[in-house]
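Participant: the following comprises the amino acid sequence and a computationally predicted model.
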Protein chains: 2
Amino acid sequence: MNPLCPHAEPFWVAGEAFSAQEIQDLLGPYLSDERHARIRDVIAQRTYSIVPVTEGLYDRGNVSAVMRSAEAMGCQPLHMIDTSKAFKEAKRVTQGADKWLDIRIWKDTASCVEFLRRHGYRIVVTHVRKAKPIAEVRFDVPTAIFFGNEKTGTSEELLEAANDRVMVPMQGFTRSFNISVAAALCLYHIQQDRLRRLGRHGDLDEETRHLLTASFYLRGVPNAEEILLEMRTKRGASPDGKAKNNA
Amino acid sequence: MNPLCPHAEPFWVAGEAFSAQEIQDLLGPYLSDERHARIRDVIAQRTYSIVPVTEGLYDRGNVSAVMRSAEAMGCQPLHMIDTSKAFKEAKRVTQGADKWLDIRIWKDTASCVEFLRRHGYRIVVTHVRKAKPIAEVRFDVPTAIFFGNEKTGTSEELLEAANDRVMVPMQGFTRSFNISVAAALCLYHIQQDRLRRLGRHGDLDEETRHLLTASFYLRGVPNAEEILLEMRTKRGASPDGKAKNNA
């Protein structure tokens, strides 16, 4: 299983332990066929091998846009350094993207870099000048890609810690992309690079897919918690709780 | 010469006519070697073959971001339908990108489409649903790529006029990218597609390069107008006006 996947059995729901299979069995009937298919499709294209990391973003619009891009590009984890305030404000305007990501907030850059490196991730940092074109780096190995803030870019500390510094080449007089644009371009490039080199972007093993499916059911079924607890008290009842409730 | 290039001889400066060569000769001495090289590099990667067009954008931050992306991706023209107000407001925050583009504002969609089609451009419209992946369309022929507004997307009128409808595929639950992100991803993809198919993105012929160089000198030299008029009154003076002024 990927070391960054935060989901593990048992899943604790209001003090009660559930296996991933139980959650899928109990909540499955509450999802439409279309929703089941959608979750399957999303999981097939999901990866923990690419971790977008923002350092010190403060504009909630940008935080929100990075979340939407990461989610749309199949990245399951999103790490954020020192942006808890912007994150809280941004949650209102992400169009729900944050709901489907595994977000982790860090107080400082050093701890985040140390954690990711210890788990086998290359540290790739974006920078407008001191960097090589992103096309010169390969993304078929576990990689954390760092984006700096709106005004000062990525920190010196981060630039020094980097295995590689990358940029999206610019052909005009404009000196920098908007940060949300830069992040989207990098993540899109990475996805295309992986498709070319590996033939696929999503790469979850069976166990991770199983756990993430349960987690998505928990996130996606309205009142999932109440449903699970009610089922637990009626142990032995048919898993088709919806029919029972309507009876 | 490309039919969309708005630059033609003579260049009129405060009622006086100048050839492109005169402008380059007279203003050249006011640019540093580095600036000369930069202008040459930018022009080598410029194209009129791809025209980004926005339809009804109203957020000035988005207008500004689209301008920056277009300029950074080597597109010289940028057409905007019915966004004159947002454009005026956005000019303050483009970081100068608008200065280097040939921007044209249209009052309505029909006139813009008719104009571009008459000049040999394919009409490609972005849409989140009724569209094929952008990778299935080739961009080695003159193409106008349309982006709709923040709320309603591209108009029905535009969808009907389109030769192709394209989208950037999304792998998650998120239903749409932010418009400035979508535009940047499309323009980046188009640039990469042209590099792969043609070996280059920039494609100006010699005459267009000559005219655009003069236009960039006019845009880039501070007080260009005053300098040119002063030179004209001292006709026959050495083109090295800077040295004379300093004498």
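Facilitator: Cool, got the structure. Numbers count the residues shown, from 1 in each chain, chains lettered A, B, ... in the order given.

Participant: okay, and the helix or strand of chain A with the least pLDDT?
Facilitator: helix A:241-246 (a mean of 41; mean pLDDT, DSSP states H and E).

Participant: which strands and helices sit next to the longest helix anywhere in chain A?
Facilitator: Longest helix in chain A by number of residues (criterion: DSSP state H): helix A:179-198. If contacts are counted by 3 or more CB pairs under 8 Å, 6 or more residues apart in numbering or on different chains; DSSP states H and E, helix A:179-198 sits against strand A:50-55, helix A:60-72, strand A:122-126, strand A:143-147, helix B:60-72, helix B:179-198. In this view, the C-beta of every residue, glycine as well, is placed from N, C-alpha and C.

Participant: okay, the ones you listed in a markdown table with mean neighbour count and distance to B:Ala20 next?
Facilitator: A markdown table is the format used below for the helices and strands packed on helix A:179-198 (neighbours: other CB atoms under 10 Å in any protein chain shown; distance: least, CB to CB, whole Å):
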| stretch | mean neighbour count | distance to B:Ala20 |
| --- | --- | --- |
| strand A:50-55 | 26 | 46 |
| helix A:60-72 | 26 | 41 |
| strand A:122-126 | 22 | 39 |
| strand A:143-147 | 25 | 42 |
| helix B:60-72 | 26 | 21 |
| helix B:179-198 | 21 | 26 |
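
Participant: closest one to A:Glu157 among those?
Facilitator: strand A:50-55 (9.2 Å; CB to CB).

Participant: returning to what we had before: which one of the helices and strands packed on helix A:179-198 lies closest to A:Gly199?
Facilitator: That would be strand A:50-55 among these, by CB to CB, at 15.8 Å.

Participant: can you list contacts of that closest one?
Facilitator: Strand A:50-55 is contacted from outside by A:4, A:63, A:66, A:70, A:75, A:77-83, A:109, A:112, A:116, A:121, A:139, A:142-149, A:154-155, A:158, A:183, A:187, A:190, A:194, using CB atoms under 8 Å, 6 or more residues apart in numbering or on different chains.

Participant: ok and that strand relative to strand A:122-126, angle-wise?
Facilitator: Angle of strand A:50-55 versus strand A:122-126, following axes from the mean of the first three to the mean of the last three CA atoms, to 10 degrees, is 50 degrees.

Participant: what are the pairing partners of strand A:50-55, and which direction each?
Facilitator: When pairs are called by DSSP bridges, strand A:50-55 turns out to pair with strand A:77-81 (parallel), strand A:143-147 (parallel).

Participant: mind checking the pLDDT average for it?
Facilitator: Mean pLDDT, strand A:50-55: 96.

Participant: now it, how far from the centre of its chain.
Facilitator: 9 Å (CA atoms, centre = their mean, to the nearest Å).

Participant: ranges for the helices of chain A?
Facilitator: Using DSSP H, helices in chain A cover A:20-27, A:33-44, A:60-72, A:84-90, A:109-118, A:156-161, A:179-198, A:206-220, A:224-233, A:241-246.

Participant: buried sites along stretch A:23-34?
Facilitator: A:23-27, A:30-31 (16 or more other CB atoms under 10 Å in any protein chain shown).

Participant: am I right that A:Leu158 is in contact with A:Thr109?
Facilitator: Yes - in this structure A:Leu158 lies within contact range of A:Thr109 using CB atoms under 8 Å: 5.6 Å.

Participant: between those two, who's got more neighbours?
Facilitator: Neighbours were counted for A:Leu158 and for A:Thr109 using other CB atoms under 10 Å in any protein chain shown; A:Leu158 has more, 24 against 20.

Participant: what parts of chain A come near chain B?
Facilitator: Applying CB under 8 Å from any CB of the partner chain, we find that chain A lies next to chain B at A:38, A:42, A:45-46, A:61, A:65, A:68-69, A:71-74, A:95-97, A:99-100, A:168, A:170-178, A:180-181, A:184-185, A:188-189, A:191-192, A:201-202.

Participant: residue ranges with poor pLDDT in chain A?
Facilitator: Within chain A, the segments meeting pLDDT under 70 span A:83-95, A:235-247.

Participant: I'd guessed A:Tyr121 sits against A:Ala144; true?
Facilitator: Yes - at 4.5 Å, A:Tyr121 counts as touching A:Ala144 under the criterion of CB under 8 Å.

Participant: tell me the domain ranges of chain A?
Facilitator: A:15-42+A:205-234, A:47-198 (automatic domain parsing).

Participant: tell me which of those domains is the most buried.
Facilitator: domain A:47-198 (a mean of 20; mean count of other CB atoms under 10 Å in any protein chain shown).

Participant: contact partners for A:Arg122?
Facilitator: Counting by CB under 8 Å, 6+ apart, A:Arg122 has contacts A:141-144, A:163-164.

Participant: show me the contacts for the residue nearest to A:Arg38 when sequence neighbours are not counted.
Facilitator: For A:Arg38, ignoring the flanking residues on the chain, the nearest one in space by CB to CB, 6 or more residues apart in numbering or on different chains is B:Phe173 at 7.2 Å. The contact partners of B:Phe173, by CB under 8 Å, 6+ apart, come to A:38, A:42, A:71, A:96-97, A:99-100.

Participant: need the max-distance pair from those.
Facilitator: Maximum distance among the contacts of B:Phe173 (CB to CB): 14.8 Å, for A:Arg38 and A:Ala97.

Participant: isn't A:Gly28 up against A:Ile39?
Facilitator: No - the pair A:Gly28 / A:Ile39 is not scored as a contact, 10.2 Å apart, by CB under 8 Å.

Participant: which neighbours do those two share?
Facilitator: A:Tyr217.

Participant: and the residue nearest to A:Arg165 when sequence neighbours are not counted, how far is that from A:Phe146?
Facilitator: Sequence neighbours aside, A:Ala131 is the residue nearest to A:Arg165 in space, at 3.9 Å (criterion: CB to CB, 6+ apart). For A:Ala131, the distance to A:Phe146 (CB to CB, to the nearest Å) stands at 12 Å.

Participant: hey, what's in contact with both of the two?
Facilitator: Common contacts of A:Ala131 and A:Phe146 (CB under 8 Å, 6+ apart): A:Val125.

Participant: closest to B:Tyr217 out of the buried residues of stretch A:23-34?
Facilitator: A:Leu31 (62.7 Å).

Participant: check contacts around that closest one.
Facilitator: A:Leu31 makes contacts with A:39, A:217, A:220-221, as judged by CB under 8 Å, 6+ apart.

Participant: with A:Val66 instead?
Facilitator: A:Val66 sits in contact with A:52, A:54, A:57, A:78, A:147, A:179-180, A:183-184, where contact means CB under 8 Å, 6+ apart.

Participant: closest one of those to chain B?
Facilitator: Proximity of these to chain B (CB to the nearest CB) peaks at A:Ala184, which lies at 4.4 Å.

Participant: test my guess that that closest one contacts B:Ala183.
Facilitator: No - contact criterion CB under 8 Å: A:Ala184 and B:Ala183 do not qualify, at 10.1 Å.

Participant: how much space between A:Ile145 and B:Asp33?
Facilitator: 36 Å.

Participant: same question, A:Arg165
Facilitator: Counting by CB to CB, the gap from A:Arg165 to B:Asp33 is 27 Å.

Participant: now swap in A:Asp164 and tell me
Facilitator: 31 Å.
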